[in-house]
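Trainee: Build me a model from this:
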Amino acid sequence: RHQSSRKMKDRKKKKLLFFLLLILFSAIFLFSTVYLAQYLIEQHRDEQEYDDLGDIVASIQGNLTEAPTKDPNTTEPDATDPPVTQPTEPGILPEYLPLYQMNSDMVGWVKLEGTNINYPVMQTPDSPDYYLDKNFNKQTSKAGAIYVREACDVFKPSDNVVIYGHYISSGQQMFTHLHKYTKKSFWKENQYIIFDTLYEHHVYQVFAVFKTSGTPGAGYPYHRFNDALDKEDFDKFIDDVKDLSFYNTGITPQYGEKLITLSTCD
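Mentor: Residues are numbered from 1 along each chain as shown. Predicted coordinates for the structure are as follows:
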């Protein structure tokens with residue numbers, strides 16, 4: 001009887017353990033499912049919002065390009081002319097004004113042909129990395145937004161404006177497509193980057209593509225080079241970056257030229 005009772009207790013313990021594990025694994029599965037669903041919903045929301053912003057910019061740019069040339073001798077507006085909207089922020093390019101009015105943290109727009117990169121660029125000098133986990137509309141987002149390092153001056157501009165963007169392994173958002181530049185064949189077909197400020201259009205040419213460690217003290221601190229002390233300081237940065245580059249582009253920026261660095265994770 002003693003052995004039978006002991007076996008029954010053991011079976012009860014095993015049965016209880018089984019049900020506890022079943023509850024635990026069910027809870028983990030449920031949590032993972034909810035988390036994945038929220039992530040996918042958030043990702044879709046962000047993609048749609050950024051697509052909408054891109055459509056606004058493209059639409060205004062298209063209207064500016066297609067605007068008919070008026071007779072300089074005409075003093076009265078045509079009846080068919082659309083009403084003229086006076087910008088509330090003097091000097092801001094018309095295609096970026098609506099977006100700036102939506103969020104005044106916007107400082108520019110970045111676009112790379114051959115990639116999905118076509119985004120507003122944000123900056124919050126008084127709140128570094130604010131857009132690391134916030135989208136354009138300041139909603140919590142794992143993809144975040146494209147943003148400029150707080151120490152950089154976009155409008156002056158600094159000698160090297162550092163622009164951050166996430167690498168999204170499960171999607172095509174943000175700076176994920178920067179990894180295409182590790183191949184020289186891709187660079188040959190896509191050498192130019194559009195980086196407009198709110199006030200001016202700018203085009204940059206890619207001269208180096210490199211990978212370095214993100215561990216403090218272990219990698220090359222490219223992000224800390226924002227303004228050169230002098231020509232020697234500038235030239236050293238260029239030499240360092242070219243030495244790290246996956247391939248030689250044959251391009252060497254000269255002191256006085258302005259740089260941008262697009263930065264993402266691996």
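
Trainee: Would you work out how far apart the start and end of stretch 247-264 are?
Mentor: 19 Å (CA to CA, to the nearest Å).

Trainee: For it, which residues meet the burial criterion?
Mentor: Using 16 or more other CB atoms under 10 Å as the test for burial, stretch 247-264 gives 249, 253, 259-264. No exception for glycine: its C-beta is placed from N, CA and C like everyone else's.

Trainee: which of these sit farthest apart?
Mentor: Within the buried residues of stretch 247-264, Pro253 and Thr264 form the most distant pair, 21.2 Å apart (CB to CB).

Trainee: Need the residue closest to the centroid of this protein.
Mentor: Geometric centre of the chain, nearest residue: Ile146, 2.8 Å, by CA atoms, centre = their mean.

Trainee: returning to what we had before: the buried residues of stretch 247-264 into CSV, with extra columns for pLDDT, secondary structure and distance to Asp105?
Mentor: Listed next are the buried residues of stretch 247-264 as CSV, based on pLDDT from 0 to 100; DSSP: H, G, I helix; E, B strand; the rest coil; distance: CB to CB, whole Å:
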residue, pLDDT, secondary structure, distance to Asp105
Thr249, 97, coil, 33
Pro253, 97, coil, 29
Leu259, 98, strand, 23
Ile260, 98, strand, 18
Thr261, 98, strand, 20
Leu262, 97, strand, 19
Ser263, 96, strand, 19
Thr264, 94, coil, 20
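
Trainee: Could you list everything the residue nearest to the centre of the chain pairs with in the sheet?
Mentor: Beta-bridge pairing of Ile146, defined through DSSP bridges, involves Val121.

Trainee: my guess is it contacts Thr176, does it?
Mentor: No: with contacts counted by CB atoms under 8 Å, Ile146 stays clear of Thr176, the gap being 11.7 Å.
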